[in-house]
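*Asks:* all I have is the shape, not the residue letters:
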């Protein structure tokens with residue numbers, strides 16, 4: 001009868017081994033993609049080759065390509081982290097970072113800023129740029145706070161989920177009204193809702209890195225709650241976990257990660273949804289490791305998609321949100337088809 005215990009230990013060791021290889025592979029892929037991202041653009045590799053003695057080429061690489069590449073990696077890391085937290089918190093593999101209404105709130109904040117300043121997010125004036133991104137972040141934060149208020153806290157997961165859906169619909173309608181009142185912002189709002197890393201600078205990279213450090217630290221510290229919730233609410237409570245405060249911390253980490261990413265890059269679909277799925281398909285580990293691996297996976301996915309969006313129609317480029325939606329949606333459709341054939345759950 002004591003035979004199952006020895007078999008469980010090797011299985012856990014195998015998962016840990018796979019997780020280590022996955023982390024190493026994602027870091028190596030990120031490094032290679034960083035180098036490639038610095039070389040992809042309208043002038044191709046020529047700017048990289050000439051930047052040592054050409055100030056214009058150096059400016060193109062250092063001030064445009066490198067911050068954009070680093071920004072895509074950081075935004076993907078934030079979305080992957082938030083997606084892993086959301087799926088663990090709601091115990092739903094279809095949960096995504098925008099579930100608490102942050103996407104609609106950010107879009108409304110961006111629309112109000114554009115209507116107020118009369119500019120687009122591509123404007124050169126730094127004050128206007130700060131206004132748009134700052135309002136988008138405030139809108140995302142306000143949407144999450146409104147969701148928490150409607151749900152009366154974080155104690156009831158289903159109530160929190162329903163409140164997030166309602167807030168998303170209401171704020172989406174409010175954004176539509178702002179666009180109808182200011183039709184000149186429609187084109188700029190389209191760019192925001194499709195998602196783009198084109199105008200990410202070093203300041204945005206610093207902000208996203210700081211947000212990632214805070215949210216990753218919180219998720220790592222509170223990951224025991226996610227492990228407990230996989231066994232059910234009653235079981236998690238019986239383990240002595242303070243679920244209320246831990247849920248609040250996880251919601252704050254998810255909101256910070258999502259709001260910061262959306263404020264800087266707009267609405268980028270499916271990265272936060274697909275990254276945790278890919279990690280689970282390779283290595284099933286505890287949530288402490290799963291959250292960080294999902295963050296690395298999201299960073300790698302969005303950086304690869306951003307490079308592909310720049311390259312596929314060069315010198316023009318696709319909005320990266322369109323590309324991630326097409327690729328991520330195709331992956332999830334294939335996954336659903338495979339699981340339905342096998343008779344399993346998603």
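*Replies:* Now that the structure is in, tell me what you want to look at. The model shown is predicted, which means the values in this text are computed figures rather than measured ones.
*Asks:* tell me the helices and strands packed up against the host helix or strand of residue 86.
*Replies:* Per DSSP states H and E, residue 86 falls inside helix 66-90. Judged by 3 or more CB pairs under 8 Å, 6 or more residues apart in numbering; DSSP states H and E, helix 66-90 is in contact with helix 4-37, helix 157-181, helix 202-221, helix 223-229, helix 243-265, helix 271-282, helix 287-311. Bear in mind the C-beta positions are built from the backbone N, C-alpha and C, glycine included.
*Asks:* relative to residue 86, which of these is closest?
*Replies:* With CB to CB as the measure, helix 243-265 is the member of these nearest residue 86 (5.8 Å).
*Asks:* list the helices and strands the closest one packs on?
*Replies:* helix 66-90, helix 102-117, helix 126-151, helix 202-221, helix 223-229, helix 233-238.
*Asks:* figure out which of the helices and strands packed on helix 66-90 is closest to residue 81.
*Replies:* Nearest of the helices and strands packed on helix 66-90 to residue 81, taken as CB to CB: helix 287-311 at 4.0 Å.
*Asks:* state the next helix or strand along the chain beyond that closest one.
*Replies:* helix 320-342.
*Asks:* returning to that earlier point: any idea which of the helices and strands packed on helix 243-265 is most buried?
*Replies:* Highest mean neighbour count among the helices and strands packed on helix 243-265 (mean count of other CB atoms under 10 Å): helix 66-90, with a mean of 29.
*Asks:* can you redo the helices and strands packed on helix 243-265 as JSON lines with distance to residue 295 and mean pLDDT?
*Replies:* Output for the helices and strands packed on helix 243-265, formatted as JSON lines (distance: least, CB to CB, whole Å; pLDDT from 0 to 100):
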{"stretch": "helix 66-90", "distance to residue 295": "4", "mean pLDDT": "94"}
{"stretch": "helix 102-117", "distance to residue 295": "17", "mean pLDDT": "86"}
{"stretch": "helix 126-151", "distance to residue 295": "18", "mean pLDDT": "79"}
{"stretch": "helix 202-221", "distance to residue 295": "6", "mean pLDDT": "94"}
{"stretch": "helix 223-229", "distance to residue 295": "12", "mean pLDDT": "85"}
{"stretch": "helix 233-238", "distance to residue 295": "23", "mean pLDDT": "72"}
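*Asks:* can you add distance to residue 261 and give these back as TSV?
*Replies:* Formatted as TSV, those follow (distance: least, CB to CB, whole Å):
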stretch	distance to residue 261
helix 66-90	4
helix 102-117	9
helix 126-151	9
helix 202-221	7
helix 223-229	20
helix 233-238	28
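*Asks:* so which of the helices and strands packed on helix 66-90 gets nearest residue 150?
*Replies:* helix 157-181 (3.9 Å).
*Asks:* okay, angle between that closest one and helix 243-265 too, please.
*Replies:* 20 degrees (axes from the mean of the first three to the mean of the last three CA atoms, to 10 degrees).
*Asks:* I'd like to know which elements helix 157-181 is packed against.
*Replies:* helix 66-90, helix 102-117, helix 126-151, helix 186-194.
*Asks:* let me have those in a markdown table, extended by distance to residue 339.
*Replies:* Formatted as a markdown table, these follow (distance: least, CB to CB, whole Å):
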| stretch | distance to residue 339 |
| --- | --- |
| helix 66-90 | 16 |
| helix 102-117 | 26 |
| helix 126-151 | 30 |
| helix 186-194 | 30 |
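*Asks:* show me what contacts residue 148?
*Replies:* 154, 160, 163, 251 (CB atoms under 8 Å, 6 or more residues apart in numbering).
*Asks:* of all the residues you listed, which two lie farthest apart?
*Replies:* Every pair of the contacts of residue 148 checked by CB to CB; the farthest is 163 and 251, at 11.6 Å.
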